[in-house]
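sharing a model prediction with you, sequence too.
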Amino acid sequence: CVLRNMGLNPKYDTNTNLYTIHEFRARLYETLSQPNQHGGILLFGIDDFSRINDVHDYAFGNLVLRAFAEKLLALHFPGFLFRMDGDKFAYWMQDAEPEDLEVVFSRYSAVAAGLTVGDEEIPLVLTGSYVLYPADGIRAEDLHRRLEVALNTAKLTEPGGLCAFSSEMFRDEQRLDTLRAAIHRSVLNNFEGFYLLYQPQIYAMSQTCPAAEAILCWSSAEYPNVSHSELMDALEESGDILPIGHWALEKALQQVKQWQKSVPSFGISIDICCRQIVQRSFIDHICQLAAKHQLPSGTLCLELNDSCYSAGSRHLFELTSTLRSVGIMTALDGFSPEHLTLSLLRDMSPQWIKIPPHLALDTDSGKPAIPPSLFALFHQLGMHICAEDLETSDQAETTIRAGADFVQGSLYAPPLDETAFYDRFIAPQA
């Protein structure tokens, strides 16, 4: 559809030139009041968009939204495109089938991943949901609510993906709400129930263990089996990642300092998200902690998870450059080819890059899902490669042949408490 900037007309968003959420609701009511209607609605949001505002400012954030909307309109899909609240957009298509919405979302995601604003690359990650009418409802309020529920579920279970609404999602959403509340109470109660486990990072050639990853965990009587990814999603969404992140860093550095009494060069890494790195005090806090514990240069590594891409190349360059200058390493965790450009990789120059299991081995061909030439490129840029979450010897052998320097996963050891880790990996080196 071709949209015009109508100034004060509330049908149009003055920043993006798209129809507004008010127009979305009005059109949905009107359409569903007529008989025999059939179609689909796609709702998608920009993951971690608030971090762009934090790193730059709201004016720059508006420029990003405007540039993104222009790219979407240029695709000329036959449906209607709406600017919803915040960083969310909707695409509505009469007579749509699931495969139609999947194609649209795929094209939109490709545009987002390659977005530039001025001379700066701002790769965006989209997560989406969709409903079909009348299959998923015939009332406008129900369809809109179900889109939101499905999007929240997608952000937790399949970030960067597309989820169709299902009735089970209402129950999942209710559970997540109570889980977030329970975790927040624990944070307020002096971090009750939080603890760290440690997983070895094994040198591929010698099978020795020079470092460990500290993994944040939490449990309670009501929630005894919360996964690490579910915990991190809840903490990031609520903002509780900021206080618990300080707590986890302090605990991890205390522990590695104890191990360095036996193995002076032993290293520790810990997961960091975008919400943490965009805090103005983050770099100073990290440097102060490293100085407080007198860690040898090169023994602390911050693993930047994939949410950190949204901080922007300029901020990531400044962050990694400053940390490198004081002997603190960085790693790109959860490497994703579609979200990482060569120029961003070159500018950041992380010392480590971590390859997830679905890229470690293509189960159909038995070969690495990413070519050895890419491993060679990482090495040329001065990076160590760690294949993580390995569960099978086939995965390990294939990635080591391709060029992985380090390996990590349950194939070698599950996450262990500090005593078990010391007995198994530190004591033999002492």
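The structure has been received and is ready for your questions.

between the two ends of stretch 304-314, how far is it?
15 Å (C-alpha to C-alpha, to the nearest Å).

list the buried residues for it?
Within stretch 304-314, the residues that qualify as buried are L304, N305, D306, S307, C308, Y309, S310, A311, G312, S313, counting by 16 or more other C-beta atoms under 10 Å. (C-beta placed from N, C-alpha, C; glycine too.)

how much space separates the first one from S238?
Read it as L304. As defined by C-beta to C-beta, to the nearest Å, L304 lies at a distance of 20 Å from S238.

what comes up buried for stretch 397-408?
T398, T399, I400, A402, G403, A404, D405, F406, V407, Q408.

and what of stretch 73-92?
In stretch 73-92, counting by 16+ other C-beta under 10 Å, buried: 73, 77, 79-84, 87-92.

what average pLDDT does that stretch get?
The predicted model assigns stretch 73-92 a mean pLDDT of 93.

list the contacts of it.
For stretch 73-92, contacts defined as C-beta atoms under 8 Å, 6 or more residues apart in numbering pick out 1, 3, 13, 15-21, 23-24, 27-28, 39-46, 49-50, 65, 69, 72, 93-94, 96, 101, 104, 107-108, 111, 147, 151.

and the nearest residue to L411 once chain neighbours are set aside, what helix or strand is that in?
Counting by C-beta to C-beta, 6 or more residues apart in numbering, L411 lies nearest to L390, which is 4.7 Å off, once chain neighbours are set aside. Counting by DSSP states H and E, no helix or strand carries L390.

so L390 makes contact with Q408?
Yes: the pair L390 / Q408 is scored as a contact, 6.7 Å apart, by C-beta atoms under 8 Å.

ok, so of the buried residues of stretch 73-92, who is nearest L126?
F89 (8.7 Å; C-beta to C-beta).

so that closest one belongs to a strand, correct?
Yes: applying DSSP: H, G, I helix; E, B strand; the rest coil, one finds F89 inside a strand.

on the strand side of things, show who it bridges to.
With DSSP bridges applied, F89 shows beta-bridge pairing to F44, R83.

picking that back up, tell me which of the buried residues of stretch 397-408 is nearest to M383?
For the buried residues of stretch 397-408, the nearest to M383 is D405 (8.9 Å; C-beta to C-beta).

look up how far P357 lies from that closest one.
From D405 to P357 the distance is 17 Å (C-beta to C-beta).

try G327
30 Å.

ok, now L196?
L196 is 23 Å from P357, by C-beta to C-beta.

which one of these two is surrounded by more residues?
Using other C-beta atoms under 10 Å as the criterion, L196 and P357 rank with L196 on top: 21 against 16.

quick one, what contacts the residue nearest to that one when sequence neighbours are not counted?
Closest residue to L196 apart from its sequence neighbours, by C-beta to C-beta, 6+ apart: A214 at 5.0 Å. A214 makes contacts with L196, L197, Y198, A248, K251, A252, Q255, I268, S269, I270, as judged by C-beta under 8 Å, 6+ apart.
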